[in-house]
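Trainee: Below is the structure, and that's it, no one-letter string:
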């Protein structure tokens, strides 16, 4: 993931590492939220079902952001400066990672 963030999205190394540690921390904390929802409101089956759908939406949007050229900055050409990802491209990345973390916590 660090390679993708630094080479494809042209993020600085510190920002890419910070993004991944935030994602890892969120992914580690969301099972408590999933357990609370499962035990207090919805039950295990519906929590896992809804969380699986959220997880799949996150993974599909993350995959689309990696495949579609408009959701990535242009590749570097000879002699050009690297263009970093704009705010919209980063927003899609962050939302995709957040949905993936929430979905995995519910599962």
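Mentor: Nice, I can see it. A quick note: this is a predicted structure, and the numbers were derived from the prediction, not measured.

Trainee: Walking through the chain, point out its helices one by one.
Mentor: Using DSSP state H, the helices of the chain run over residues 2-3, 13-37, 44-67, 87-106.

Trainee: Redo these as CSV? Include mean neighbour count and distance to residue 77.
Mentor: (Each C-beta comes from the backbone N, C-alpha and C, glycine too.) Output for the helices of the chain, formatted as CSV (neighbours: other CB atoms under 10 Å; distance: least, CB to CB, whole Å):
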stretch, mean neighbour count, distance to residue 77
helix 2-3, 10, 20
helix 13-37, 14, 22
helix 44-67, 16, 21
helix 87-106, 18, 19
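
Trainee: Apart from its neighbours in sequence, what residue is nearest the residue most central in space within the chain?
Mentor: When CA atoms, centre = their mean is applied to the chain, the residue found nearest the centroid is residue 97 (1.5 Å). In space, residue 97 comes closest to residue 23 once its chain neighbours are excluded; the distance is 4.9 Å by CB to CB, 6 or more residues apart in numbering.

Trainee: Wait, the one you found touches residue 104, no?
Mentor: No - look at residue 23 against residue 104 with CB atoms under 8 Å: they stay out of range, at 10.4 Å.

Trainee: how far away is the residue nearest to the centre of the chain from residue 50?
Mentor: 19 Å (CB to CB, to the nearest Å).
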